[in-house]
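# Build me a model:
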Amino acid sequence: MGFDLHGLAPKINEPEPAILKQHSWASMPKDVHDDYWKANDTYEKANPGIYFRNNVWWWRPLWEYVCNICDNILTQKDMEKGGYNNAAIISKTKAIKIAARIMKENKTGNLDKYAQKYSAAIAKLEKEDCTHCNGTGIRNDKYVKGKCNVCTDGKREAWAASYPFSVENAIEFAKFAKESGGFQIC
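This next block holds a predicted model:
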């Protein structure tokens, strides 16, 4: 599952390439597939306010961070809705303020400190019993007979360790938010 954020009125720095106007995903001939996606990537990089995507693992820690540093910008309802891909809308004014706050946090070094603290907390998590083998290291179910294919010794990384956070991802989100004209979380 992913979180797709779409700018409501994105700033357009570079015009849309002709190939993107000529073809849609459903009707695209195979011989233009690679050129289409290259053009799309180039267009979105030049116009960061159009689209931002994170899978669930990356989005939840990023949104939690945004909520922590922007609790005087976002309402409680904004914060709650942002954790789901149910078409929540963040206004242009709030998007610009979020971007500015993230960039200020980056400039002061607080964003890097947060990322380091987050990583350290994840590293300290104790391993958990593997639920696939009930902590034995051996499976005997309809999928696997013998050594567990999920763990090595009946233990696995804590579930929370699946949720990464990075400075780079936060900055990419800030660039998107700044130029999005407000955004919708889908």
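
# give the contact list for residue 92.
8-9, 180-182 (CB atoms under 8 Å, 6 or more residues apart in numbering). Where C-beta positions appear, they are placed from N, C-alpha and C, glycine not excepted.

# Phi, psi for it please.
phi -60, psi -40 (degrees, to the nearest 10).

# try residue 70
Backbone torsions of residue 70, given as degrees, to the nearest 10, read phi -120, psi 30.

# wouldn't it be in contact with residue 99 here?
No - Residue 70 sits out of contact with residue 99 when judged by CB atoms under 8 Å, with a separation of 10.1 Å.

# per-residue confidence for the residue positioned nearest the centre of the chain?
Nearest to the geometric centre of the chain sits residue 54, at 2.4 Å (CA atoms, centre = their mean). At residue 54, the model reports a pLDDT of 98.

# With residue 1 instead?
Looking at residue 1, its pLDDT stands at 77.

# what's the neighbour count on it?
Counted with other CB atoms under 10 Å, the neighbours of residue 1 add up to 7.

# how close does it sit to residue 57?
Distance, residue 1 to residue 57, by CB to CB, to the nearest Å: 9 Å.

# what do you get for residue 146?
29 Å.

# higher neighbour count, the two?
Remark: of residue 146 and residue 57, residue 57 carries more neighbours, 12 against 9, as counted by other CB under 10 Å.

# For that one, give me its contacts.
Applying CB under 8 Å, 6+ apart, the residues near residue 57 are 162-164.

# In ChimeraX, how would I select just the buried ones from those?
Here is the ChimeraX command that picks out the buried ones among the contacts of residue 57, judged by 16 or more other CB atoms under 10 Å:
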select :163
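
# of all the contacts of residue 57, which comes closest to residue 105?
residue 164 (17.9 Å; CB to CB).

# So that closest one is in contact with residue 61, correct?
Yes - with contact defined as CB under 8 Å, residue 164 counts as touching residue 61 (6.7 Å).

# after the helix or strand hosting residue 175 comes which helix or strand?
Element membership for residue 175 (DSSP states H and E) is helix 167-180. Next in sequence after helix 167-180, counting helices and strands by DSSP H and E, comes strand 183-185.

# Just checking: what are the partner strands of that following strand?
Sheet partners assigned to strand 183-185 using DSSP bridges are listed as strand 2-7 (antiparallel), strand 88-90 (antiparallel).

# same for the helix or strand following the first one, what does it pack against?
Scanning forward in sequence from strand 2-7 by DSSP H and E, the next helix or strand is helix 18-22. Helix 18-22 sits against helix 33-46, with contacts defined as 3 or more CB pairs under 8 Å, 6 or more residues apart in numbering; DSSP states H and E.
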